[in-house]
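**Student:** can't give you the sequence, but here's the structure:
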């Protein structure tokens, strides 16, 4: 079941995508524009990325067939070439796989071509003799894949130490770091990373900005030792066990869950004892002068009530099925399975019930 905060935030974000007409002459000042002006990181353009790739290729001996294949990768329609950082990162990885056989297996694994059983180790990613352009961006490429497949600990290890200025897709770096921190319930690292990601909100892929807001709204109210936290810890234990892991980390998590449950049960028992003690100390739940059944109450009102607005103002349930499916695909594109499932479940309920 989707949490109320999570679902309500998603509904408000989607509703906010609709543009509202403004009176003529009124200027809109966007907060994210102000943040972008003072952002601590920038998103490189497609031309900047292509220039980096060409500079790297200049020192390589490449046959004609390979050169033509590389040109075909980068000479796509301009609207696609400049579309997004994730797309440019994919083009870079494909280019590297054509030139350097050491990376071909890594790229095949991330594409789902090579058979992958669990997390694999690629020594080339730890090779400090590789140029920063190569090592940093391929660590991001593999770290993104790890996060998308719920290997959050390994994703953070792969992405650790990378800075936005070192990679050609800094938005993905910050986003997938946030995803991993969020799923591991690390508020102290997740929330600052989300804040940094949203410094360039207006330039982010829409799905990144949307999920960033949702993660922040979901994690901020999470309280230590709450039933919500315990449930999430149990879910993380299940995730690790699904991967066939039952080592020290899982055993510690299981012990933590049991300890938190014991603490929660003890608190509930203490509250019940206090309530029973209070009710038995001479206090009475019965009023001394109850209102007689035959007499009406003295308090009266005008009897008017406000009509409650019921229904989905976003109009999601009214959209044709084809348009709903297209919107779902756009929102959940390249996101970890956990988020895709949450979004799709929410929209199925929204289309069925007509209320967020």
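**Tutor:** Looks like it arrived, so ask away. Just so it is clear, the model here is predicted, and its values are computed rather than measured.

**Student:** Which strand or helix spans residue 173?
**Tutor:** helix 170-183 (DSSP states H and E).

**Student:** For that helix, give the mean pLDDT please.
**Tutor:** Mean per-residue pLDDT for helix 170-183: 96.

**Student:** Check which helices and strands the top helix by length along the chain sits against.
**Tutor:** Determined from DSSP state H, the single longest helix within the chain is helix 248-279. If you count contacts as 3 or more Cβ pairs under 8 Å, 6 or more residues apart in numbering; DSSP states H and E, helix 248-279 packs onto helix 227-242. Any C-beta I mention is one placed from the backbone N, CA and C, and that applies to glycine too.

**Student:** Give me the contact list for the helix it packs on.
**Tutor:** Among residues not part of helix 227-242, those counted as contacts by Cβ atoms under 8 Å, 6 or more residues apart in numbering are 3, 150, 183-185, 222-223, 246, 249-250, 253-254, 256-257, 260-261, 264.

**Student:** Count the residues that sit near residue 43.
**Tutor:** 17 (other Cβ atoms under 10 Å).

**Student:** ok, the nearest residue to it once chain neighbours are set aside to residue 197 distance?
**Tutor:** Excluding the flanking residues, the one nearest residue 43 by Cβ to Cβ, 6 or more residues apart in numbering is residue 203, at 5.2 Å. From residue 203 across to residue 197, the span is 11 Å (Cβ to Cβ, to the nearest Å).

**Student:** Can you list the low-confidence ranges for the chain?
**Tutor:** Applying pLDDT under 70 to the chain flags the ranges 1-37, 76-83, 113-117, 279-356.

**Student:** What ranges does it have for its strands?
**Tutor:** For the chain, no strands turn up when DSSP state E is the criterion.

**Student:** if we can go back for a sec, looking at residue 203 and residue 197, which is more packed in?
**Tutor:** More crowded of residue 203 and residue 197, by other Cβ under 10 Å: residue 197, with 26 against 16.

**Student:** buried residues in the longest helix of the chain?
**Tutor:** Judged by neighbour count using 16 or more other Cβ atoms under 10 Å, the buried positions of helix 248-279 are 250, 254, 257, 260.

**Student:** Please tell me how far the residue nearest to the first one when sequence neighbours are not counted sits from residue 111.
**Tutor:** Closest residue to residue 250 in three dimensions, ignoring its sequence neighbours and counting by Cβ to Cβ, 6+ apart: residue 240, at 5.0 Å. Using Cβ to Cβ, one gets 26 Å for the distance from residue 240 to residue 111.

**Student:** Tell me which of the two has more neighbours.
**Tutor:** Remark: of residue 240 and residue 111, residue 240 carries more neighbours, 18 against 13, as counted by other Cβ under 10 Å.

**Student:** about what we covered before: how big is the angle separating the longest helix of the chain from helix 227-242?
**Tutor:** Orientation check (axes from the mean of the first three to the mean of the last three Cα atoms, to 10 degrees): helix 248-279 against helix 227-242 gives 150 degrees.

**Student:** how does the chain divide into domains?
**Tutor:** For the chain, automatic domain parsing gives the domain ranges 46-219, 223-274, 316-353.

**Student:** Any chance of CSV for these, columns distance to residue 40?
**Tutor:** Formatted as CSV, the domains of the chain follow (distance: least, Cβ to Cβ, whole Å):
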stretch, distance to residue 40
domain 46-219, 6
domain 223-274, 29
domain 316-353, 24
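
**Student:** Out of these, which is the most enclosed?
**Tutor:** Comparing those by mean neighbour count (mean count of other Cβ atoms under 10 Å), domain 46-219 ranks first with a mean of 17.

**Student:** and that domain, how far apart are its ends?
**Tutor:** End-to-end distance of domain 46-219 (Cα to Cα, to the nearest Å): 34 Å.

**Student:** For residue 240, give its distance to residue 150.
**Tutor:** 10 Å.

**Student:** now swap in residue 88 and tell me
**Tutor:** Using Cβ to Cβ, residue 88 is found at 25 Å from residue 150.

**Student:** surely residue 42 meets residue 200?
**Tutor:** Yes: using Cβ atoms under 8 Å, residue 42 is in contact with residue 200, at 7.4 Å.

**Student:** Now do the shared contacts for the two.
**Tutor:** Common contact partners of residue 42 and residue 200 (Cβ under 8 Å, 6+ apart): none.

**Student:** tell me the angle of the helix holding residue 173 relative to helix 227-242?
**Tutor:** Note on geometry: by the same axes, to 10 degrees, helix 170-183 and helix 227-242 are set 110 degrees apart in direction.

**Student:** What is helix 170-183 packed up against?
**Tutor:** Using 3+ Cβ pairs under 8 Å, 6+ apart, helix 170-183 is in contact with helix 85-99, helix 132-148, helix 152-159, helix 187-197, helix 206-219.

**Student:** what angle sits between that helix and helix 132-148?
**Tutor:** Using the same axes, to 10 degrees: helix 170-183 against helix 132-148 is 40 degrees.

**Student:** Now do helix 170-183 against helix 187-197, angle only.
**Tutor:** Inter-element angle recorded for helix 170-183 and helix 187-197: 160 degrees (by the same axes, to 10 degrees).

**Student:** Spit out the contact partners of residue 164.
**Tutor:** 40-42, 170, 173-174.

**Student:** Distance to residue 143 added to those, as JSON lines?
**Tutor:** JSON lines is the format used below for these (distance: Cβ to Cβ, whole Å):
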{"residue": "40", "distance to residue 143": "20"}
{"residue": "41", "distance to residue 143": "17"}
{"residue": "42", "distance to residue 143": "20"}
{"residue": "170", "distance to residue 143": "13"}
{"residue": "173", "distance to residue 143": "8"}
{"residue": "174", "distance to residue 143": "12"}
